[in-house]
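Enquirer: I'd like to go over a predicted model; first the sequence, then the structure.
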Amino acid sequence: MSSNSGKGDILLEIKNLEIEGFSDEKWHDIVKGVDLTLRCGEVMGLIGESGAGKSTLGLAAMGFTQPGCRIKAGQIKFDGVDLAKLSDAKKRSYWGTRMTYVAQSAAASFNPAHRLIVQTTASTIRSGSKSKEDAYRDARGLYETLNLPDPKNIGERYPHQVSGGQLQRVMTAMAMSPRPDLIIFDEPTTALDVTTQVEVLSAMREIVETFNTAAIYITHDLAVVAQMADFIKVLRYGKEVEEAPTRQMLATPKEAYTKSLWSVRSLEKEEQKGGNSLLSLKGIDASYGTAKVLHNVNIEVAKGTTVAVVGESGSGKSTTARVITGLLPQTAGSVEFDGKALPKSLSERTKEEKRRIQMIYQMADTAMNPRQTVGEIIGRPLEFYLGMRGAEKSRRILDLLEMIELNGDFMQRLPGELSGGQKQRICIARALAAEPDFIICDEVTSALDQIVQEGILKLLMRLQKELGLTYLFITHDISTVKAISDQVVVMNQGEVVEQGQKTDVFQPPHPEYTELLLSSVPEMDPDWLTNLNAARRAG
Amino acid sequence: MTQNPDTYSAAGEVGAVLEKRTFWTRLKLDLKKSPWSARFGMVIIFIYAMLAIFAPVFAPYGEAQVFPTPYAPWSSEFIFGTDQIGRDIFSRLIYGARNTVGIAVATTFLAFLIGGALGLIAAINRSYIDQALSRLVDVFMAIPSLIFALVLLSIFGSTVLNLIIIIAVLDSTRVFRLTRAVAINVVVMDYVEAARLRGEGLGWIMRKEILPNIMPPLIAEFGLRFCFVFLSIAALSFLGVGIQPPTADWGSMVRENASLIQFAQYDLKAGLTPLLPAAAIALLTVAVNFVVDWFLHKTSGLRDEQ
């Protein structure tokens, strides 16, 4: 399809683009005057925290705005045509053929009722550029390039029959099928495990290079964008902060904001040796129905320390947490808390036992009742466990809000009026309100932007020092583990693979699985993925 | 949105803070954007409510006051004439609003109390209680409700209390199904799990954690359910087992004056008389549906094209 091949020609030129969105009876600016130039075959990384307008800008590069949004000013020149002025019908002749889109959640973007290959080739066949047979043959070739297992037949499956990482690659094949000039990747690996992310990243990079396609790669993960992009643009509050070639940007960021993004990964906690054991899991087996998910899990947590539990999704991390809280009674073994064995199920535990173990969830959005104000959310445990009422309760709520670096203005707000980081802070305050000894943090930072993550991690560490808390920190992110933990437990398929002090675990030699997990964590080095793939092929 | 400096502060993070509006300003905003059908519906419902509450004030005569001329034609004395034993039809229409609508509202409330509570319990519990209740409801729903109500009313007798209880129980099956279906989506939320972990009782989880989050569909269903209950009561009265004379009621008024319809060829107005209570029923049903439609659209989160 490409009528404008060869690196160097300008493919996309956005000038002074302004986009606004309608909410709460008013129009708000989302993108406030951004310029962008992309040449054929170039990959641009677009980074920024959530709400920076990066997805809106990415979609606008296709001339598309989400419902409730509109282009206020500026031009979007694609191959010489201003998309901002075209009608939807005209734009449709570009969409799905000359420009395509890879969404964040492939699982939510595929139609569950159609086979993968039908969806992969739909827009190519519709545009008439290839016959059905040619398009299918081409799609199978793409599956092979993308390293999908059994490329000849995988297209005959339905979306629910393949894994999340495979689905994300099929979606890349779908985007590639019409041989577009431009692909927009909107956080395509955010929802994946690190080990899967590496495969998807390699596949995407290979295909972009093979076909010399221009791409915009949207993400909030710097290490990921460093592997993909030729140059990087940093966005904040709908405006450009900085733009530079990748290597230059990584080596010498100019703006203070960009530097602060870079500094997040340097956070590291000084390791502490634990004293007395507060919680110990002894020979825990657990199952959902007949499926056994935990096999003989033994974990020791010392008072005042943080134990990080690491592993991919499905490794049994969260199930371990459910056993500790009593939501899922174990089938064998015992949970000992402060020297006493806890009753298996929640209903047999006393109020005091429940109070001492608190939990913070991954998705702060769903962990708070959207119809309750912040004051009610934090106030309930105070009332429920400690019997506080009236002025005493409000005073304590204020104390707690200050403890999490917020203030009294937040009392009357609803969860919908908070940012992601603030929501997670309120969840932390709710846990603290019960005055617990032990807090389970289930992936508490994985849904947050890096700067916000850093803030939350620092807060958790400060609280640990001040209140002598003990944490069990469940995560799949190795840099978070480095930042916060004293001891590390590596889990895989319901078993503990390795455990010990942080320095010991991160010190080679590793068991095979730990090695795979550690080597899959992207580093802030543009050559990291190339080197890793070379090493893995050699090894 | 504050143009924040580059240092990070939790309180300064961008969150979409909604303007604090009181209930009344929000209501005014909503009403301003409401479609004409909803406004029409609201006016009609308001008029019905006024008539029902202040029936003795608006009605020129008593509910069961008998005058010497049965089947009197429309006149300035009897606006819509009199019925078969000489009662003023206009007055009975107004009192009928009070009786029929009042009983329908009470029945709907009771149906929601039973169906809503059991539906919530089933959704939270999800074990044998859920199974038992759901299958029982299936059995009830398999029997045509009007015929079932007829049978039960013939067995227990047609008193107002029996009428309310029987129809409420039969209609609570639908409420149960809806409540259970929407509550199941809320029960799986982490905040419900958090409440359980905290050790909260069933009552708290039902009232504070789940109910506020499923209100919109329940309120819409309340409107629709009211229409159905109202129609079943009218139908039962028409069949003679509903609200008993001399209480004025639209269903039985249709039945009692039905024979007048064949005189339409001699006097059109006389022919219209039995249709008046039927029209009153139809108008209220349509009005309620208009309002519910608007409410559903508003709470469904669908944006109107700007």
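Expert: Sure thing, it's come through.
Enquirer: count of neighbours near the closest residue to A:A113 other than its chain neighbours?
Expert: Nearest residue to A:A113 in three dimensions, chain neighbours excluded: A:Y158, at 7.9 Å (Cβ to Cβ, 6 or more residues apart in numbering or on different chains). Any C-beta I mention is one placed from the backbone N, CA and C, and that applies to glycine too. The tally of other residues near A:Y158 (other Cβ atoms under 10 Å in any protein chain shown) stands at 15.
Enquirer: before we move on, what about the one 10 residues further on?
Expert: A:Q168 has 29 neighbouring residues, counting by other Cβ under 10 Å.
Enquirer: ok, it touching A:V200?
Expert: Yes. Assessed by Cβ atoms under 8 Å, A:Q168 is found in contact with A:V200 at 5.3 Å.
Enquirer: got any residues that touch both of those two?
Expert: Taking Cβ atoms under 8 Å, 6 or more residues apart in numbering or on different chains as the criterion, A:Q168 and A:V200 both touch A:188-189, A:192.
Enquirer: What about the residues you listed, which are in strands?
Expert: Within the shared contacts of A:Q168 and A:V200, no residue falls in strands by DSSP state E.
Enquirer: For chain A, give me the ranges with low pLDDT.
Expert: A:1-8, A:24, A:263-266, A:274, A:539 (pLDDT under 70).
Enquirer: Can you tell me which residue sits nearest the middle of it?
Expert: By Cα atoms, centre = their mean, chain A has its centre lying nearest to A:T190, at 4.1 Å.
Enquirer: nearest residue to that one other than its sequence neighbours?
Expert: Going by Cβ to Cβ, 6+ apart, A:T190 has A:Q104 as its nearest residue, at 5.8 Å.
Enquirer: The one you found should be in a helix, yeah?
Expert: No. A:Q104 is assigned coil when assessed by DSSP: H, G, I helix; E, B strand; the rest coil, not a helix.
Enquirer: For the residue nearest to the centre of chain A, grab phi and psi.
Expert: Backbone torsions of A:T190, given as degrees, to the nearest 10, read phi -60, psi -30.
Enquirer: how far out from the middle of the chain is stretch A:215-235?
Expert: 15 Å (Cα atoms, centre = their mean, to the nearest Å).
Enquirer: Next, the contact list for the residue in the stretch 201-306 of chain B that chain A sits nearest to, please.
Expert: Residue of the stretch 201-306 of chain B nearest chain A, by Cβ to the nearest Cβ: B:P212 (3.9 Å). Residues in contact with B:P212 (Cβ under 8 Å, 6+ apart) are A:369, A:371-372.
Enquirer: near chain B too, which of the residues you listed?
Expert: Filtering the contacts of B:P212 for neighbours of chain B using Cβ under 8 Å from any Cβ of the partner chain leaves A:369, A:371-372.
Enquirer: who wins for most neighbours among these?
Expert: A:N369 (24 neighbours).
Enquirer: Next, that residue: secondary structure please.
Expert: Secondary structure of A:N369, per three-state DSSP, is coil.
Enquirer: Could I get the phi/psi values of it?
Expert: The phi/psi pair for A:N369 (degrees, to the nearest 10) is phi -70, psi 120.
Enquirer: mind checking how far the residue nearest to A:A113 is from chain B?
Expert: Using Cβ to the nearest Cβ, to the nearest Å, A:Y158 is found at 24 Å from chain B.
Enquirer: pretty sure that residue contacts A:I117?
Expert: No. Applying Cβ under 8 Å, one finds A:Y158 not in contact with A:I117, separated by 10.7 Å.
Enquirer: follow-up on the earlier one: show me the contacts for the residue nearest to the centre of chain A.
Expert: A:104, A:219-221.
Enquirer: just the residues you listed now: which is nearest B:S237?
Expert: The shortest approach to B:S237 among those belongs to A:Q104, at 58.3 Å (Cβ to Cβ).
Enquirer: Tell me how many other residues surround the closest one.
Expert: Taking other Cβ under 10 Å as the criterion, the count of residues near A:Q104 is 18.
Enquirer: wait, isn't it in contact with A:L192?
Expert: No. In this structure A:Q104 lies outside contact range of A:L192 using Cβ under 8 Å: 10.2 Å.
Enquirer: circling back to that earlier point, and the residue nearest to A:T190, its phi and psi?
Expert: Per degrees, to the nearest 10, the backbone of A:Q104 is at phi -60, psi -50.
Enquirer: Could you save the contacts of A:T190 as a markdown table and add columns showing secondary structure?
Expert: Below are the contacts of A:T190 laid out as a markdown table (three-state DSSP):
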| residue | secondary structure |
| --- | --- |
| A:Q104 | coil |
| A:T219 | strand |
| A:H220 | coil |
| A:D221 | coil |
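Enquirer: Could you pick out the buried ones from these?
Expert: A:104, A:219-221 (16 or more other Cβ atoms under 10 Å in any protein chain shown).
Enquirer: And A:D449, how far from chain B?
Expert: Distance of A:D449 to chain B, given as Cβ to the nearest Cβ: 10 Å.
Enquirer: what sits against that residue?
Expert: A:49-50, A:220, A:420-421.
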